[in-house]
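> the sequence and its predicted three-dimensional model are supplied below.
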Amino acid sequence: MPVAVVPSAHLALRLDAGSGVSPASAETPEQPFFPAILHTMFRPLPKFLPVLFFLGVLACTASNDDDSTGDDDDAGDDDDNSPEPMVTIHGGVEIITIGEYRPAQGIHIYEDGDTGYETWTDTEEGDWYLDLPANQSQALVRGIRDDLTPVMFLLDLRWQRERVDHLVLFNPYMAAERAEFFSEAFGMEFNPERGLLHVGAVSRTHGTEYAGASVDVVGLAYEASYAVDDNLGPSTTTDSQGILAFLNVEIGTAQVTVLDPNGEPCIGLSPVPVEAGSTTHVVYECP
């Protein structure tokens with residue numbers, strides 16, 4: 001802070017004026033110049049020490065809170081307000097029905113866990129686009145509409161974020177028709193206290209509908225596994241659509257292993273959740 005330094009000659013003049021002695025005749029001892037300056041400068045310092053200490057702490061705290069244009073988007077700063085990197089997942093919905101065609105708009109698609117990431121199908125074809133944080137390695141995405149059975153998709157974002165040729169497809173049933181469908185298509189009763197598990201396979205070299213991959217589900221009992229393409233029937237390998245459906249599966253989590261026709265392991269997530277009355281979809285990427 002600026003400090004007014006009064007020369008020693010002026011100090012002597014004030015003293016002399018009070019005593020009636022002229023400045024010329026006063027014998028004033030010679031004062032060292034620099035000690036006088038230092039004394040004048042630092043005399044107020046003690047009362048300002050607390051303020052200086054506070055300003056120093058504030059400066060240290062603000063050093064990692066730079067609002068300057070060049071540093072505001074630095075991920076290491078606590079004031080980083082740059083948008084979080086996102087990845088867009090493209091999906092679709094095909095409703096399973098024994099009656100007439102049912103349009104698939106108005107289905108709520110959202111990430112499990114109240115994360116706030118959600119969208120809706122806005123066309124009757126059921127297309128949807130869901131933005132998710134790019135740093136996630138997996139996501140559990142759900143789809144619901146009042147007249148449909150609930151569905152969920154366990155996404156492996158390590159590779160599904162880049163497979164734009166692979167559509168993340170939900171297959172809900174018309175809720176009022178599921179029991180009848182099971183009876184007609186599979187020849188069995190649907191157990192509402194169990195769930196369904198659809199395991200899919202794609203290939204890095206053979207395309208998105210990879211037939212002939214073997215699927216092993218361990219940890220949860222199930223009533224049957226079926227190919228669900230035009231050759232509907234019991235199977236232990238993926239059909240021409242790259243799907244193997246497990247019916248009336250116990251609820252809980254299942255360990256799933258997928259091997260390509262040559263016995264090479266496919267990449268995917270495990271364990272996989274199964275819920276009562278719901279269909280779980282999961283896809284594995286084979287060589």
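Nice, thanks for sending it over.
> all helices for this protein, in order.
8-19, 33-42, 45-62, 157-160, 178-181 (DSSP state H).
> for Q160, see how far away E118 is.
18 Å (Cβ to Cβ, to the nearest Å). Quick note: C-beta positions are derived from backbone N, CA and C, even for glycine.
> those two: which has the busier surroundings?
Legend: neighbour count by other Cβ atoms under 10 Å for E118 and Q160, higher for Q160 (22 against 15).
> list the contacts for the residue lying closest to N191 once chain neighbours are set aside?
Using Cβ to Cβ, 6 or more residues apart in numbering and skipping the chain neighbours, the partner closest in space to N191 is N248 (4.6 Å). Residues in contact with N248 (Cβ atoms under 8 Å, 6 or more residues apart in numbering) are M188, F190, N191, R194, L196, Y222, E223, A224.
> what is the burial count for the residue lying closest to the second one once chain neighbours are set aside?
Leaving aside its chain neighbours, F190 sits nearest to F182 (4.0 Å; criterion: Cβ to Cβ, 6+ apart). Close neighbours of F182, defined as other Cβ under 10 Å, add up to 18.
> can you tell me the closest non-neighbouring residue to P192?
Counting by Cβ to Cβ, 6+ apart, the residue nearest P192 is G277, at 5.4 Å.
> so how far is T121 from the one you found?
Remark: distance between G277 and T121 (Cβ to Cβ) = 21 Å.
> same question, I96
16 Å.
> out of the two, which sits in the busier spot?
Shown here are I96 and T121; by other Cβ under 10 Å, T121 has more neighbours (23 against 17).
> can you name the residues that contact A221?
Contacts of A221 (Cβ under 8 Å, 6+ apart): V249, E250.
> equivalent analysis for S214, please.
By Cβ under 8 Å, 6+ apart, the neighbours of S214 are T236, T237, V258, L259, P261.
> again, only this time at 10 Å
201, 235-238, 244, 257-261, 263, 266 (Cβ atoms under 10 Å, 6 or more residues apart in numbering).
> what bridges to it?
T237, L259 (DSSP bridges).
> show me where the stretch 151-287 of the chain dips below the pLDDT cut-off.
Low-confidence segments of the stretch 151-287 of the chain (pLDDT under 70): 163-167.
> do you know how far the closest residue to G195 other than its chain neighbours is from T236?
Using Cβ to Cβ, 6+ apart and skipping the chain neighbours, the partner closest in space to G195 is V274 (4.3 Å). Remark: distance between V274 and T236 (Cβ to Cβ) = 18 Å.
> for those two, indicate the residue with more neighbours.
Higher neighbour count among V274 and T236: V274, with 24 against 10, using other Cβ under 10 Å.
> thought that one was touching R194?
Yes. V274 lies in contact with R194 (Cβ atoms under 10 Å); the separation is 7.8 Å.
> confidence score at the nearest residue to A175 once chain neighbours are set aside?
Leaving aside its sequence neighbours, A175 sits nearest to T149 (Cβ to Cβ, 6+ apart; 5.2 Å). We have a pLDDT of 97 for T149.
> check contacts around T149.
So T149 contacts 95-96, 143, 171-178, 190, 192, 195-196, 277-279 (Cβ under 10 Å, 6+ apart).
> among the residues you listed, name the buried ones.
Among the contacts of T149, those buried by neighbour count (16 or more other Cβ atoms under 10 Å) are 95-96, 143, 171-174, 177-178, 190, 195-196, 277-279.
> which of the residues you listed fall within strands?
Residues of the buried ones among the contacts of T149 located in strands (DSSP state E): G143, G195, L196, T279.
> what's the closest non-adjacent residue to the third one?
Same thing as L196. Here the residue nearest L196, using Cβ to Cβ, 6+ apart, is T279, at 4.2 Å.
> so F190 sits against E184, correct?
No. The criterion here is Cβ under 10 Å, and F190 misses it with E184 at 11.3 Å.
> one step back: find residues that contact each of V274 and R194.
Common neighbours of V274 and R194 (criterion: Cβ under 10 Å, 6+ apart): L220, Y222, F246, V249, E250, I251.
> which two of those residues have the greatest separation?
Largest separation among the shared contacts of V274 and R194 by Cβ to Cβ: F246 and I251, giving 12.6 Å.
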